[in-house]
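Undergrad: structure of the sequence below:
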Amino acid sequence: MNLHVSGTTPNPHHLLVLLAVARTGRFTTAAESLGLNHTTVSRQIAALDKSLGGRTLARTVGGWELTDLGRKAVRAAEDVETAVATINAGEAEADAISGVVRISATDGFSAFIIAPAVAQLRRAHPNLSVEIVTVTRRALQHRSGLDLEVVVGEPQVHRAEAIRLGYYTLGMYASVSYLKEFGSPAGIKELSQHRLVYFVDSMLQVDDLDAPRRLVPGMLDSLSSTNVFVHVEATRAGAGIGFLPCFMADHHPDLVRLLPEDFAENLPYWMVLRPDSLRQPAVAAVAQALRQRTIAVKDALLGITPLSH
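TA: Coordinates of the predicted model:
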């Protein structure tokens, strides 16, 4: 790839600095990963821009994003990185599936899909490291610092690749002790007499997750949280009736699924990646591992069979 634009050949080290910024979205984080300071990173990016005759990065709300020129430079930087890794490996074949992959995903998906998938992948590639930020939100328009996201519902994104991983089912659940004390609702009308354990309504960013409040608008909140593990444990403790992912609730014998014919909300998991991410062997390997794991536990996600750990 010819990056000889303004009469000066770009410094390969400066290209690697740009690659680090592109992957983290921030000068400070890139500097830490490279053992440099923020000022040095800024200066070397400026030198790279000068040699290429244009800006490689643009500031966004979420951090730094690559320009069109920056994307070309990053592809060259990835070639440099691969060449350096091969040299450092000596006679042994370099393992391209290494380094840090950063993921944003929901709590449940992170625990039951990502964690075992990555654990299995690392057995073959021990130099791979994965960082997970657990959050339930819409896909970001700017993915600075993230290699991939997993979101609920079809994403509306630009300059990104979106891949549907599969579906999961949510249902109404109550603990055995709760049902003994308060009785089991026979239908939606009776369900409205009970309290709901679910997400904090004012903080819920995913429209597809509004099912309980849409289907049973008269059902008042009991305990609300942004964390789905809290939903499960609060339901088990008898705080109310929880609207829970079946793959999380079904392996608790003290939870009973209620009115499955009325409450079986099927929602899709989507994976969103930056256009350049899949060119990184580590990101591509993690993405494939997530797809394989999702397929392997398809029935559990749909509430057909309990999910085994």
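
Undergrad: when you work out contacts or count neighbours from here on, use the C-alpha atoms and nothing else.
TA: Noted.

Undergrad: all strands of the stretch 101-250 of the chain, in order?
TA: 128-134, 148-152, 161-175, 196-198, 221-224, 241-245 (DSSP state E, counting those that start in this stretch).

Undergrad: save these as JSON lines, and put in distance to His14 and mean pLDDT too.
TA: Converted to JSON lines, the strands of the stretch 101-250 of the chain look like this (distance: least, CA to CA, whole Å; pLDDT from 0 to 100):
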{"stretch": "strand 128-134", "distance to His14": "24", "mean pLDDT": "92"}
{"stretch": "strand 148-152", "distance to His14": "25", "mean pLDDT": "93"}
{"stretch": "strand 161-175", "distance to His14": "28", "mean pLDDT": "95"}
{"stretch": "strand 196-198", "distance to His14": "48", "mean pLDDT": "96"}
{"stretch": "strand 221-224", "distance to His14": "48", "mean pLDDT": "94"}
{"stretch": "strand 241-245", "distance to His14": "46", "mean pLDDT": "97"}
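
Undergrad: which one of the ones you listed lies closest to Gly53?
TA: strand 161-175 (28.9 Å; CA to CA).

Undergrad: so what strands line up beside the closest one?
TA: Paired strands of strand 161-175, with direction, are strand 241-245 (antiparallel), strand 255-258 (antiparallel), strand 265-273 (antiparallel) (DSSP bridges).

Undergrad: please identify the deepest-packed of those.
TA: strand 241-245 (a mean of 29; mean count of other CA atoms under 10 Å).

Undergrad: name the single longest helix found in this structure.
TA: helix 68-88 (DSSP state H).

Undergrad: show me what it is packed up against.
TA: helix 12-24 (3 or more CA pairs under 8 Å, 6 or more residues apart in numbering; DSSP states H and E).

Undergrad: can you state the direction angle for the helix or strand that comes right after the helix it packs on and helix 12-24?
TA: Using DSSP states H and E, the next helix or strand after helix 12-24 towards the C-terminus is helix 27-34. Compare the direction of helix 27-34 with that of helix 12-24 by axes from the mean of the first three to the mean of the last three CA atoms, to 10 degrees and you get 120 degrees.

Undergrad: mind listing what's buried in the longest helix of the chain?
TA: 69-78, 80-81, 86 (16 or more other CA atoms under 10 Å).

Undergrad: which residues in the stretch 101-250 of the chain form helices?
TA: Along the stretch 101-250 of the chain, the stretches classed as helices by DSSP state H, counting those that start in this stretch are 107-109, 115-124, 176-182, 188-191, 211-215, 228-236, 246-249.

Undergrad: still on that earlier bit, direction-wise, compare the longest helix of the chain with helix 12-24 and give the angle.
TA: Using the same axes, to 10 degrees: helix 68-88 against helix 12-24 is 110 degrees.

Undergrad: what about helix 68-88, average pLDDT?
TA: Averaging pLDDT along helix 68-88 gives 79.

Undergrad: quick one on the thing from earlier: for the strands of the stretch 101-250 of the chain, give me JSON lines that also has distance to Trp64.
TA: Formatted as JSON lines, the strands of the stretch 101-250 of the chain follow (distance: least, CA to CA, whole Å):
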{"stretch": "strand 128-134", "distance to Trp64": "19"}
{"stretch": "strand 148-152", "distance to Trp64": "16"}
{"stretch": "strand 161-175", "distance to Trp64": "19"}
{"stretch": "strand 196-198", "distance to Trp64": "35"}
{"stretch": "strand 221-224", "distance to Trp64": "35"}
{"stretch": "strand 241-245", "distance to Trp64": "35"}
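
Undergrad: ok, which of these comes nearest Leu301?
TA: The nearest among the strands of the stretch 101-250 of the chain, by CA to CA, is strand 161-175 at 4.5 Å.

Undergrad: the closest one: how far from the chain's middle?
TA: 14 Å (CA atoms, centre = their mean, to the nearest Å).

Undergrad: can you put the strands paired with strand 161-175 in CSV and add distance to Lys298?
TA: Shown next, in CSV, are the strands paired with strand 161-175 (distance: least, CA to CA, whole Å):
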stretch, distance to Lys298
strand 241-245, 13
strand 255-258, 19
strand 265-273, 12
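
Undergrad: adding distance to Gly35, write the buried residues of helix 68-88 out as TSV.
TA: Formatted as TSV, the buried residues of helix 68-88 follow (distance: CA to CA, whole Å):
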residue	distance to Gly35
Leu69	26
Gly70	22
Arg71	24
Lys72	25
Ala73	22
Val74	20
Arg75	22
Ala76	22
Ala77	18
Glu78	19
Val80	18
Glu81	16
Thr86	21
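
Undergrad: no further queries at this time; thank you.
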